[in-house]
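Enquirer: need a 3D model of the following:
(2 chains)
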Amino acid sequence: MSEHKGVVPGLLKGLATTARTMTRHTSTQEYPDVRPELPPRSRGVIALLAENCTSCMLCARECPDWCIYIDAHKETIPAATPGGRDRQRNVLDRFAIDYSLCMYCGICVEVCPFDALFWSPQFEYAELDIRDLLHEKDRLGGWMDSVPAPAALDSGAADPAEVTAQRAPARPARVIRRSPAGAPE
Amino acid sequence: MSTLEVILRAAGLLAAFLLLPLLVGQTEHKVMAHMQGRLGPMYAGGFHGWAQLVADGAKFVQKEDIVPAAADKRLFRLAPALALIPYLVALAAIPVHPGFAVADLPGGALFVLAATSVGILGTLVAGWASANKYALIGAMRSAAQLIAYELPLALAVASVTLAAGTLSLGGIIEAWKPWWLLWQLPGALVFLVAAVAELQRPPFDMPIADAEIVFGPYTEYTGLRFAFFLLAEYGGIVVMSLLFSTLYLGGWRGPFDDLAGWAWTLLKGFVIALLLIWIRVSWPRLREDQLQRFAWLTLIPLALLQLAVTAVGVVLMGGSS
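Expert: Purely as a prediction, here's the structure:
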């Protein structure tokens, strides 16, 4: 062993490293007693804001393992003004995610055009039976409370679209001019 | 020595043999954890997991005692006792307090060496009787290892007995002088390395090598018999640590040793046990042939050199030491 240069220094270095580690704070987080410090934007569970959902089915269609179940029906909203047109609206009956299938890819969150799905850092939803991991709309909605507020915009960034729209001067009502012939221009 | 005293001494020895390895084991749990940036056991017993090993013991007792169908059943059942009892016997001969050892033997050094050498047979028998190829490979490794460390161990102890002019462990402690720390330093290092190899602990745990051969000779063991092997390992640490402090650190010698001699013995032994744990955490496992090479090219020449240096010292001092 002695013909190897650096065996003894290496051994001493190993001893020094472990001794130094012993004098420092441990990195263990005592989880059930102390809440873990999760990094921001932790992907714990997918929460649903049902009010924003239009039952467009984009999430269900993009889901790689088809773990999202959506049932909806159409309701007719009677016209608000006399002579107006009745409108139709999708009403969400069922929105369920099967977390025994979900692989936490987050494609549904990305693809939702109406901001109805969010990542929540909540992770304590283990079950004793795999069949109990199919969570319905109310359970998914309950996790909305734990969704963190979106990160503040960069100081140099442009204002959000909503703010810009608020500040813009009111646009004049559109006037439709009619030509003398009576036909629209 | 009356019958009552014999019984009391034996009971005290058994209590110490059951308690001290637990202390070392718990220390290893916590020290190793903190050396790796972890906390170790925190729940059992309430305060920093002090009862973890008691809980482990309770778990081992409840487990099913399985003997493989192809095993040599009598040997398989006998092996844990064969590994455990030699260390119990060896512990009896180690002096703990001025004028007190459980069994004060005139040839204590020889007796302890002989007794601890029997412990390895437990590993060999377990490996053979298990009828399992991993267990057999582990047993063969420990047999190979045995050749590598027994000779340096015996030579290192021979040097100390030569210096002290006695084979009695109590006599060695009485003859010990602080400057022996320097005089016997090479022998002490050889003894320490050989002791780690005898205990089959990292960096010399090739017979067990859980990453390579499952768990070596202990692969087929469960429950209480497995716990006995673990107890033998930690009992071995206790014996080897106390033996090291007896031979090289002056055992019970220290300030107020006629009152606190036993405390000095335990303290010195504990420091050596800590060193063994520290080595385990810090260094990687060697290969079997590397240990052979290290033993024959470094340990044995070093031990022989130490023997020569000791002999010259003894002659120069005219046997006054």
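
Enquirer: contacts and neighbour counts: CA atoms only from here.
Expert: Will do.

Enquirer: could you look up the SS state of residue A:69?
Expert: Following DSSP: H, G, I helix; E, B strand; the rest coil, we place residue A:69 in the strand state.

Enquirer: what's near enough to touch it?
Expert: Each residue near residue A:69 by C-alpha atoms under 8 Å, 6 or more residues apart in numbering or on different chains is listed here: A:60, A:94, A:95, A:96, A:97.

Enquirer: secondary structure element for the first one?
Expert: Take DSSP states H and E as the rule and residue A:60 turns out to sit in helix A:58-62.

Enquirer: and that helix, what does it pack onto?
Expert: Contacts defined by 3 or more C-alpha pairs under 8 Å, 6 or more residues apart in numbering or on different chains; DSSP states H and E place helix A:58-62 against strand A:68-77, helix A:107-111.

Enquirer: ok, the next helix or strand after the longest one: who's next to it in the sheet?
Expert: Translated: strand A:68-77. Counting by DSSP H and E, the next helix or strand C-terminal to strand A:68-77 is strand A:87-98. Strand pairing for strand A:87-98, determined by DSSP bridges: strand A:68-77 (antiparallel), strand A:134-135 (antiparallel).

Enquirer: what number of residues lie near the closest residue to residue B:141 other than its chain neighbours?
Expert: Closest residue to residue B:141 apart from its sequence neighbours, by C-alpha to C-alpha, 6 or more residues apart in numbering or on different chains: residue B:207 at 5.1 Å. By other C-alpha atoms under 10 Å in any protein chain shown, the residues close to residue B:207 number 30.

Enquirer: repeat for residue B:58
Expert: 13.

Enquirer: same check on the one 4 residues further on?
Expert: Using other C-alpha under 10 Å, residue B:62 has 10 other residues around it.

Enquirer: residue B:72 now?
Expert: 16.

Enquirer: again, but for residue B:298
Expert: Residues lying near residue B:298 (other C-alpha under 10 Å) number 15.

Enquirer: nearest to chain A: which residue in the stretch 201-321 of chain B?
Expert: Residue nearest to chain A within the stretch 201-321 of chain B: residue B:282 (5.2 Å; C-alpha to the nearest C-alpha).

Enquirer: ok, that residue touching residue A:22?
Expert: No - contact criterion C-alpha atoms under 8 Å: residue B:282 and residue A:22 do not qualify, at 11.7 Å.

Enquirer: contact residues of chain A facing chain B?
Expert: Remark: the part of chain A in contact with chain B comprises A:1, A:11, A:14-15, A:17-28, using C-alpha under 8 Å from any C-alpha of the partner chain.

Enquirer: change it to 10 Å
Expert: With C-alpha under 10 Å from any C-alpha of the partner chain as the criterion, chain A meets chain B at residues A:1-2, A:10-30.

Enquirer: which among the residues you listed end up buried?
Expert: Burial by neighbour count, 16 or more other C-alpha atoms under 10 Å in any protein chain shown: within those this picks out A:14, A:15, A:18, A:19, A:21, A:22, A:26.

Enquirer: how far away from the center of its chain is the helix or strand hosting residue B:121?
Expert: Following DSSP H and E, one finds residue B:121 within helix B:108-129. For helix B:108-129, the separation from the chain centroid amounts to 11 Å (computed by C-alpha atoms, centre = their mean, to the nearest Å).

Enquirer: chain neighbours aside, what residue packs nearest to residue B:284?
Expert: residue B:203 (5.5 Å).

Enquirer: equivalent analysis for residue B:272, please.
Expert: residue B:241 (5.3 Å).

Enquirer: beyond whichever strand or helix holds the one you found, next helix or strand please.
Expert: Assessed by DSSP H and E, residue B:241 sits inside helix B:223-248. Where DSSP H and E defines the elements, the next helix or strand beyond helix B:223-248 is helix B:257-282.

Enquirer: could you check how far the spatially most central residue of chain A is from residue B:305?
Expert: Nearest to the mean C-alpha position of chain A, by C-alpha atoms, centre = their mean, lies residue A:118 at 1.8 Å. The gap separating residue A:118 from residue B:305 is 73 Å, by C-alpha to C-alpha, to the nearest Å.

Enquirer: that older thread, helix or strand: which one has the residue nearest to residue B:284?
Expert: Under DSSP H and E, no helix or strand contains residue B:203.

Enquirer: pLDDT value on it, please?
Expert: Each residue has a pLDDT score; the one for residue B:203 is 88.

Enquirer: that one touches residue B:195, doesn't it?
Expert: No - contact criterion C-alpha atoms under 10 Å: residue B:203 and residue B:195 do not qualify, at 11.5 Å.

Enquirer: with neighbour numbers in mind, choose between the two.
Expert: Remark: of residue B:203 and residue B:195, residue B:195 carries more neighbours, 25 against 20, as counted by other C-alpha under 10 Å.

Enquirer: count of neighbours near residue A:133?
Expert: Residue A:133 has 17 neighbours, counted by other C-alpha under 10 Å.

Enquirer: phi, psi for it please.
Expert: Residue A:133 adopts backbone torsions of phi -90, psi 0, taken as degrees, to the nearest 10.

Enquirer: for it, which non-adjacent residue is closest in space?
Expert: With C-alpha to C-alpha, 6+ apart as the criterion, residue A:133 has its nearest non-adjacent residue at 5.3 Å, and that residue is residue A:99.

Enquirer: per-residue confidence for the one you found?
Expert: The model's pLDDT for residue A:99 equals 93.

Enquirer: same check, this time on residue A:89
Expert: The model reports residue A:89 with a pLDDT of 89.

Enquirer: against residue A:71, how distant is it?
Expert: Using C-alpha to C-alpha, we find residue A:89 at a distance of 14 Å from residue A:71.

Enquirer: overlap in contacts of these two?
Expert: Residues touching both residue A:89 and residue A:71 (C-alpha atoms under 10 Å, 6 or more residues apart in numbering or on different chains): residue A:55.

Enquirer: can you pull the residues of the stretch 201-321 of chain B lying near chain A?
Expert: B:275, B:278-284, B:290-291, B:293-295, B:297-298.

Enquirer: I figured residue B:190 hits residue B:156, correct?
Expert: Yes - using C-alpha under 10 Å, residue B:190 is in contact with residue B:156, at 6.6 Å.

Enquirer: between the two, what contacts are shared?
Expert: Common neighbours of residue B:190 and residue B:156, using C-alpha under 10 Å, 6+ apart, are B:299, B:300, B:302, B:303, B:306.

Enquirer: which of those residues ranks first by neighbour count?
Expert: For these, the largest number of neighbours (other C-alpha under 10 Å) sits with residue B:299, at 28 neighbours.

Enquirer: who's in contact with that residue?
Expert: By C-alpha under 10 Å, 6+ apart, the contact set of residue B:299 is B:148-149, B:151-153, B:155-156, B:186-187, B:189-191, B:193-194, B:291-293, B:305.

Enquirer: distance check, the closest residue to residue B:172 other than its chain neighbours against residue B:29.
Expert: Residue nearest to residue B:172 in three dimensions, not counting chain neighbours: residue B:164, with 5.3 Å by C-alpha to C-alpha, 6+ apart. Residue B:164 is 37 Å from residue B:29, where distance means C-alpha to C-alpha.

Enquirer: so between those two, which is more surrounded?
Expert: A count of neighbours by other C-alpha under 10 Å puts residue B:164 above the other of residue B:164 and residue B:29, at 24 against 19.
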